[in-house]
Structures are given as structure tokens and as C-alpha cells.
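A.B. asks: just a sequence and a predicted model for now, questions to come.
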Amino acid sequence: MRVLALAVAVLALGLAGCGSLGCWEQQPPTPGEDVRMGTFTGTQVIDEPGREHGSSEFVDGWKEGREQLWYANGKPKVDAQWRHGRIAGDYRRWAEDGKLEAEQVFDGQTGRTTVREWHSNGQLRMSGARVDGRADGLWQWWFDDGSKICEGHFHADLKEGPWKCWNSDGSLDEASSGIYRNGMRAGPLPGSDLPH
């Protein structure tokens, strides 16, 4: 399980600021990402016996309003708010057993969207924030045992400042850790015995 978590984190860190949320198993739309379905206006209803069910609203092909999906067992799968094809509020996704897997919570006063994802055992997997659809501020990733994989800051989807990453044995991953400027590694971290 640690190898899978590390692979997910490495993939996510390789993306520019995890801006496309490559660290999510099923990618929720990024705030600002358009979702369009032709010119359809109305309610798309999914209701197949024994399968997931739910509904989504569309206006001129754009998702608009609340989207709710449930698993066949009746437990929620997705609950999201949309405006003109873009996430415009909160987004939550659950596993079939009812455990929360991922969420994006929008703060209308600050314009920040808090993004979090959990491992199947309930341990936090990833946490960060976006402003205008771009990774901004502190982002962190954890192994499923709760030990940290990586942490660092983004500014407008680019790594900025010190980034600290650890191997599964707890040792510092010196190849990934370092000081970043405008998304590029500018040098190593001062010192190499950093606890996590």
C-alpha cells in the first residue's frame, strides 16, 4: 500500500502544482475546468436498476446547479455545485462503503478552495488549497500509515520555497526535496536531517 501511495504522490508532484489534481484516483473537475454536453438543457437522470443513480442539471450544455449521484446501495457517491460548467461550490466524493474519499470546499469570502483526499483506511492522503483554480499555499501528502510523504508551497500552480519529501523508511528524499523558485528546483535544502 505504501508503494501505491508513494507512486500517487510522485505522480502528483510531477504535475505543475497538482493543478489537474493528478493525485486524485478519480479526478474531480478543477475549479475553472469547463464541463459541457453539447447544447442540452434539462435534467440528466441516471436511474438503472442495480446501478448508481442520480441527476445533473444542464443549461445550454453546461452543468448548472447541484449534481447528486448515489451508489446502487443507496449511499452517496458525488455531491457537487456547478455554475456554467464549472465547480462553483463544494464537491464531495465517497467510496461505496460510505467513507469520504475526496472533497473541495469553496470559501466564497476568500475565494480559496480547500482540497483534501483520504486513504481507504481513513488516513488523510493529501491536503492543499486553490485560488482561481490554481494550487496556492501549503500542500501536503501522507502515506496510509499517517507518515508524511511530501510538503511544500505552491504559488499560482508553481512550487515555491522549501519542499521536503521523505522515503517510505522515513529518510529524506534528497532528489525531490529542495528550494524551488517558479516551479524549478533552485538548490538543495540546507541540512539533510529533517524530521517528518
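C.D. replies: In hand now; what should we look at?

A.B. asks: any stretches of the chain with poor pLDDT?
C.D. replies: Scanning the chain for pLDDT under 70 picks out 1-37, 192-196.

A.B. asks: that one: helices as residue ranges?
C.D. replies: 2-14 (DSSP state H).

A.B. asks: gap between the closest residue to C150 other than its chain neighbours and R125?
C.D. replies: Leaving out its chain neighbours, the residue that sits closest to C150 by CB to CB, 6 or more residues apart in numbering is C165, at 3.9 Å. Quick note: C-beta positions are derived from backbone N, CA and C, even for glycine. Per CB to CB, to the nearest Å, C165 is found 15 Å from R125.

A.B. asks: now swap in I149 and tell me
C.D. replies: Using CB to CB, I149 is found at 9 Å from R125.

A.B. asks: D90 too?
C.D. replies: Counting by CB to CB, the gap from D90 to R125 is 19 Å.

A.B. asks: so which of these two has more stuff around it?
C.D. replies: For D90 versus R125, neighbours defined as other CB atoms under 10 Å are more numerous around R125 (26 against 14).

A.B. asks: that one contacts E103, doesn't it?
C.D. replies: No - counting by CB atoms under 8 Å, R125 does not reach E103; the two are 11.8 Å apart.

A.B. asks: list residues touching both of these two?
C.D. replies: Contact criterion CB atoms under 8 Å, 6 or more residues apart in numbering; residues shared by R125 and E103: E117.

A.B. asks: pretty sure W70 sits against S55.
C.D. replies: No - W70 is beyond contact range of S55, at 10.0 Å (criterion: CB under 8 Å).

A.B. asks: E48 - how many residues pack around it?
C.D. replies: E48 has 8 nearby residues by other CB under 10 Å.

A.B. asks: now it. Its backbone dihedrals?
C.D. replies: For E48, the backbone dihedrals (degrees, to the nearest 10) come out as phi -110, psi 130.

A.B. asks: what do you get for G146?
C.D. replies: Backbone torsions of G146, given as degrees, to the nearest 10, read phi 90, psi -10.

A.B. asks: quick one: it and E48, what's the gap?
C.D. replies: 39 Å.

A.B. asks: the residue nearest to C150 contacts D173, correct?
C.D. replies: Yes - at 4.2 Å, C165 counts as touching D173 under the criterion of CB under 8 Å.
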